[in-house]
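Predicted coordinates and the sequence they were generated for:
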Amino acid sequence: MKNLIQLLFLFFSAFSIAQTTSEIKGQVRHSIDELRDFVAIPNDANMPADINRNITWLTEKFSDRGFNTAVLPTDGLPLFFAALPMDPDKKTLLFYMHLDGQPVAPELWDQDNPYEVVLKKPVGDQWETTSFEELNEDIPMDWRLYGRSTSDDKGPIVMLLNSLDLLKKNKVTLPFNIKVVLDGEEEKSSKPLAKAVNTYKDLLEADYLIINDGPVHASGQPTIVYGCRGITTLRVWTYGPIKPQHSGHYGNYAPNPAFEMAHLLSSLKSPDGKALVEGYYDGIVLSDSDKAVLKAVPDAAEYINELLGIHKPDAVGTFYQEALQFPSLNVRGMASGWVGDQARTIVPDMATAEIDLRLVPETDGARLQNLVEAHLKKQGYTIFNEAPTKADRMAYPKVIRLEKGSVTPAFRTDLSLPFGGHLKSLLEDNFNTEVVQIRTMGGTVPIAPFVNALKIPAYIIPMVNPDNNQHSPNENLKIGQIEYGIKTFYKVLSSPFE
């Protein structure tokens, strides 16, 4: 009798799993159609009318799922907000995504209209366009949807909507209150967002923030990101003669600003890539547990070095993830005189360097800017914040102009907080594999001021494939990632957290 009961349990469990798989595949198919409809609405953040049309679409779709919706005016383009009816006895999850996308250059795409989703299947090492009629009950999860914002970031929005459909079909009572805020100009750095948080602080109040943007780790494993680096910039000018001079007549006489710039920049970093600016890395301490998290990320140095085509990396960290825990000091561009076919035999009058400083939570951007400025003064430079006059250039032996850019701060959520452990366990249970935990990702998400203003734990749970070509021609979404996203949202939204 006992064995019979066990067999019946296994039979009905298998039936339940198969039924769930069938339901999810049906929801994936519906998601594809809904995503095609959504992507067909252009969403260039430089075009306010585009954003308004997307908000109209979102209002209808979220309202159909029982949400109360609102359009929140800001100093720029509006935010879209939606919330299910609130229960004061439940914790509240706030989801952040963005509805805008990068501009398109249609001539660079392998399809006529980047806003008309194209289905492609792998044929050898190429991708071949195929008809949507080929999608049947057995949906090929390795096929891809090509179109602007399929991955960044309309795909995850559609995944959320369809996970809610599936939860409703299965009569699941949500253990959380759900709020959603969708940004209309994330691709333009979300400048109005930080101020909007203060304006709508009560409306956005939540216990936890979940951000669904960007790709999973290159390994394809489920990924949780706990923070991202911030950024600020510097622009530096060095000076030679008041106007370009003949290099034959003045080549041994007029100081060359390009050489001066080379000396200036080389003073900032050692040959192995470490910043020589005093105090630049102050305040950064990695515990043994921090290092364990960093080393657990399945990066391969050989692969990264081969990808970059480098012999060895800079020595700021002993491996890739460790390097991301420190602020960077990067020359992103230089210019002086003319090059190539335009090259001229002159001593240039001026050289310019563009510098970016990637920030971590322990480092304040304004402080690092000031440290660099103090370092340059120690090298004997007289610093102006506007273009020096001819008299200024004649009065001082080493003259530069320094311009400081705005600061976007970093953010990071403590990895030891219980809700992060809850999310990690859910993903491991859902997909039966290790979760990649990224303590600090290298890039800067413009949402950081928003996260810091809310003062709640924030977690980035990316949904899309790492090779999605975001921001580039032929952006795409792997169909299997739609299934992954629906399963992830379903698990998170149906699993109580005590």
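Received the coordinates, thanks.

Not counting sequence-adjacent ones, nearest residue to residue 327?
Once flanking residues are discounted, residue 327 sits nearest to residue 363: 4.6 Å by Cβ to Cβ, 6 or more residues apart in numbering. C-beta here means a position set from N, CA and C on the backbone, and glycine is covered the same way.

so the one you found, which of the three states?
Following DSSP: H, G, I helix; E, B strand; the rest coil, residue 363 is assigned to coil.

list the contacts for it?
283, 284, 327, 410 (Cβ atoms under 8 Å, 6 or more residues apart in numbering).

closest to residue 61 among these?
When the contacts of residue 363 are compared for distance to residue 61 (Cβ to Cβ), residue 410 wins out at 33.5 Å.

can you count the residues close to the nearest residue to that closest one once chain neighbours are set aside?
Distances taken as Cβ to Cβ, 6+ apart put residue 230 closest to residue 410, at 3.7 Å, once the chain neighbours are dropped. Residue 230: 25 surrounding residues under other Cβ atoms under 10 Å.

Got phi/psi on residue 230?
With angles defined as degrees, to the nearest 10, residue 230 sits at phi -90, psi -170.

so how far is residue 457 from it?
Computed with Cβ to Cβ, to the nearest Å, the distance linking residue 230 and residue 457 is 18 Å.

What of residue 21?
Applying Cβ to Cβ to residue 21 and residue 457 gives a distance of 32 Å.

So if I had to pick from the two, which one is more boxed in?
residue 457 (18 against 11).

I'd like to know how many residues surround the nearest residue to the more buried one once chain neighbours are set aside.
Distances taken as Cβ to Cβ, 6+ apart place residue 413 nearest to residue 457, at 4.8 Å, with adjacent residues excluded. Residues lying near residue 413 (other Cβ under 10 Å) number 22.

what's the spacing between stretch 301-320 and its chain's center?
21 Å (Cα atoms, centre = their mean, to the nearest Å).

What of stretch 288-300?
Using Cα atoms, centre = their mean, the offset of stretch 288-300 from its chain centre is 21 Å.

Show me which positions of that stretch end up buried.
291, 293, 294, 297, 299 (16 or more other Cβ atoms under 10 Å).

Verify the contact between residue 294 and residue 441 for me.
No - counting by Cβ atoms under 8 Å, residue 294 sits too far from residue 441 to count as a contact (12.0 Å).

This protein: helices as residue ranges?
Counting by DSSP state H, one finds helices in the chain at the ranges 2-39, 48-64, 154-169, 193-199, 247-250, 257-266, 288-296, 301-308, 320-323, 365-378, 390-395, 418-431, 448-454, 479-494.

The stretch 201-350 of the chain: strands as residue ranges?
208-211, 223-225, 227-228, 230-239, 245-246, 330-336, 346-347, 350-359 (DSSP state E, counting those that start in this stretch).

just so I know, which of those lies nearest residue 108?
Among the strands of the stretch 201-350 of the chain, strand 330-336 sits nearest to residue 108 (Cβ to Cβ), with 22.6 Å.

Report the inter-axis angle for the closest one versus helix 257-266.
Relative orientation of strand 330-336 and helix 257-266, computed by axes from the mean of the first three to the mean of the last three Cα atoms, to 10 degrees: 170 degrees.

buried stuff in strand 330-336?
residue 336.

Give me the contact list for that strand.
By Cβ under 8 Å, 6+ apart, strand 330-336 touches 257-258, 261, 265, 348, 350-358.

Just the CA atoms of that strand, as CSV, please.
Presented in CSV, the C-alpha positions along strand 330-336 are these (Å, rounded to 0.1, in the frame of the first residue of the first chain):
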residue,chain,number,x,y,z
ASN,A,330,40.6,55.9,-17.2
VAL,A,331,41.6,58.1,-20.1
ARG,A,332,38.7,57.7,-22.5
GLY,A,333,40.0,60.0,-25.2
MET,A,334,42.8,62.3,-26.3
ALA,A,335,43.3,64.9,-29.0
SER,A,336,46.0,67.2,-30.3
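
Can you say which of the contacts of strand 330-336 are buried?
The buried subset of the contacts of strand 330-336 (16+ other Cβ under 10 Å) comprises 257-258, 261, 265, 348, 350-351, 353-358.

Including distance to residue 162, could the residues you listed go into a markdown table?
Listed next are the buried ones among the contacts of strand 330-336 as a markdown table, based on distance: Cβ to Cβ, whole Å:
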| residue | distance to residue 162 |
| --- | --- |
| 257 | 58 |
| 258 | 57 |
| 261 | 54 |
| 265 | 51 |
| 348 | 58 |
| 350 | 56 |
| 351 | 54 |
| 353 | 48 |
| 354 | 43 |
| 355 | 44 |
| 356 | 39 |
| 357 | 41 |
| 358 | 36 |
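
quick one: which two of those residues are the most distant?
So, these by Cβ to Cβ: farthest apart are 348 and 358, at 29.4 Å.

tell me the domain ranges of the chain?
10-228+410-494, 230-284+326-404 (automatic domain parsing).

now the ones you listed in CSV, with distance to residue 313 and mean pLDDT?
Below are these laid out as CSV (distance: least, Cβ to Cβ, whole Å; pLDDT from 0 to 100):
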stretch, distance to residue 313, mean pLDDT
domain 10-228+410-494, 13, 93
domain 230-284+326-404, 8, 97
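
Mean neighbour count, these: which tops it?
Highest mean neighbour count among the domains of the chain (mean count of other Cβ atoms under 10 Å): domain 10-228+410-494, with a mean of 18.

Would you check how far apart the residue nearest to residue 457 and residue 209 are?
9 Å.

what does residue 26 give?
31 Å.

Show me the beta-bridge partners of the residue nearest to residue 264 when sequence neighbours are not counted.
Nearest non-adjacent residue to residue 264, counting by Cβ to Cβ, 6+ apart: residue 238, 6.3 Å away. When bridges are called by DSSP bridges, residue 238 pairs up with residue 351, residue 400.

Could you double-check that residue 238 lies in contact with residue 351?
Yes - contact criterion Cβ under 8 Å: residue 238 and residue 351 qualify, at 4.8 Å.

Isn't residue 120 up against residue 131?
No - using Cβ under 8 Å, residue 120 is not in contact with residue 131; the gap is 10.9 Å.

end-to-end on stretch 113-129?
14 Å (Cα to Cα, to the nearest Å).

can you list contacts of it?
35-36, 39-42, 104, 106, 111, 130-132, 134-135, 140, 142-148, 150, 473, 475-476.

Repeat that for stretch 413-432.
Residues contacting stretch 413-432 (Cβ under 8 Å, 6+ apart): 208, 222, 224, 226-227, 289-290, 293, 434-435, 437, 439, 457-459, 461, 484, 487-488, 491-492, 495, 497.

now swap in stretch 309-316 and tell me
272, 273, 274, 275, 301, 304, 305, 320, 323, 326, 328.

Would you mind measuring the gap between the ends of that stretch?
19 Å.

can you check stretch 360-367 too?
12 Å.

before we move on, what about stretch 266-273?
Stretch 266-273: ends 10 Å apart by Cα to Cα.

same question, stretch 287-304
25 Å.

what residues does it touch?
With Cβ under 8 Å, 6+ apart, stretch 287-304 has contacts from 217-219, 221, 286, 313, 319-322, 325, 415-416, 434, 436-439.

cool, stretch 224-231 as well?
Contacts for stretch 224-231 (Cβ under 8 Å, 6+ apart): 214, 324, 327-328, 356-361, 365, 407-415, 420, 423-424, 427, 435-445, 448, 459-462.

Please save the CA atoms from it in CSV.
Extracted C-alpha coordinates of stretch 224-231, given in CSV (Å, rounded to 0.1, in the frame of the first residue of the first chain):
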residue,chain,number,x,y,z
ILE,A,224,21.8,38.5,-8.8
VAL,A,225,23.7,41.8,-8.8
TYR,A,226,24.0,43.7,-5.5
GLY,A,227,25.4,47.0,-6.8
CYS,A,228,27.0,49.0,-9.6
ARG,A,229,29.8,51.5,-9.9
GLY,A,230,29.1,55.2,-10.3
ILE,A,231,30.9,57.7,-12.6
